[in-house]
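1. need the 3D shape of this:
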Amino acid sequence: DHKLAFRAPEYRKLVVLVLTPDETARGVEVSAEDMRKSYESQKAKYATPERRRVEQIVFPNADEAAKAAEKLAAGTSFQALAAERGLSEKDIDLGVMAKSDFVDPAIGDAAFALQQGVPSAVVNGRFGPVILRVAAIEPATAKTLQEVEGQIRQELALAKARETLGTVRDKVEDELAS
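-> Prediction:
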C-alpha cells in the first residue's frame, strides 16, 4: 500500500483543433467574375425546362387510330373519344412531363410540337399508334445570376475552404510527425 502513496498522478494534455468547411468558408472571398463563370457553366442547374400535361390514347392498330382521327376531325372531343374506348381521365393522363421525360422520343417530339388543346394526328410510337393532346403547358423558367448569387457564393466559398483545409491538414500532420 505504501508504494502507491509516493506515485505522482498521471496528467495528459489534449489539444483539439476543429476546422470545418462551413466555418472556414465564412472568411473566403469570392469574386464576381468567379460567380459569373460558375453560373454560366452550370446554367442548366438553375433552369426548369418547359413541361406539358399530356394525354394519350393508345390504339391496337393503325386502322383504329385512323378512324379515331377522322372522328376527332369531325368534331368528337378527345375526352369523348377516350370514353368510347372505355378509358377514364386517369387512363389517358401521362402527367406533367418535360420533353426529356418521354421514353419514346417520337411521342415527346409530337407532344412538344402541339398547341394546347389541339389533338395530334396519329403518331406511330414505340408501343403502337397513339393520338396525343396537350392539356396544359408550363413554360420554361431560368433563375438569373442575381437570384442565385448567394447560393453560388456559398458553393464556391465551400469549395475553396475544402482546398484550404486539405492544405492545413497536411501541415498539421507534418508538424505532428516531426
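
2. hey, where'd the helices end up in this protein?
-> Using DSSP state H, the helices of the chain run over residues 2-5, 21-25, 32-41, 62-73, 78-84, 89-92, 105-111, 145-177.

3. return the most buried member of those.
-> Highest mean neighbour count among the helices of the chain (mean count of other C-beta atoms under 10 Å): helix 105-111, with a mean of 18. C-beta coordinates here come from the backbone N, C-alpha and C atoms, glycine included.

4. for that one, packing partners?
-> strand 51-58, strand 123-125, strand 128-138 (3 or more C-beta pairs under 8 Å, 6 or more residues apart in numbering; DSSP states H and E).

5. which one of the ones you listed has the poorest average confidence?
-> Per-stretch mean pLDDT for the helices and strands packed on helix 105-111 is lowest at strand 123-125 (a mean of 93).

6. parallel or antiparallel, list what pairs with that strand.
-> strand 128-138 (antiparallel) (DSSP bridges).

7. and the strand it pairs with, what's buried?
-> The neighbour-count check on strand 128-138 (16 or more other C-beta atoms under 10 Å) flags 129, 130, 131, 132, 133, 134, 135 as buried.

8. any idea how far residue 97 is from the closest residue to the last one other than its chain neighbours?
-> Which is residue 135. Spatial nearest neighbour of residue 135, chain neighbours left out: residue 53 (4.4 Å); criterion: C-beta to C-beta, 6 or more residues apart in numbering. Residue 53 sits 8 Å away from residue 97, taking C-beta to C-beta, to the nearest Å as the criterion.

9. between those two, which contacts overlap?
-> Common neighbours of residue 53 and residue 97, using C-beta atoms under 8 Å, 6 or more residues apart in numbering, do not exist here.

10. and the residue positioned nearest the centre of the chain, how far from residue 155?
-> The centre of the chain sits closest to residue 45, judged by C-alpha atoms, centre = their mean, with a distance of 7.4 Å. With the distance defined as C-beta to C-beta, residue 45 ends up 10 Å from residue 155.
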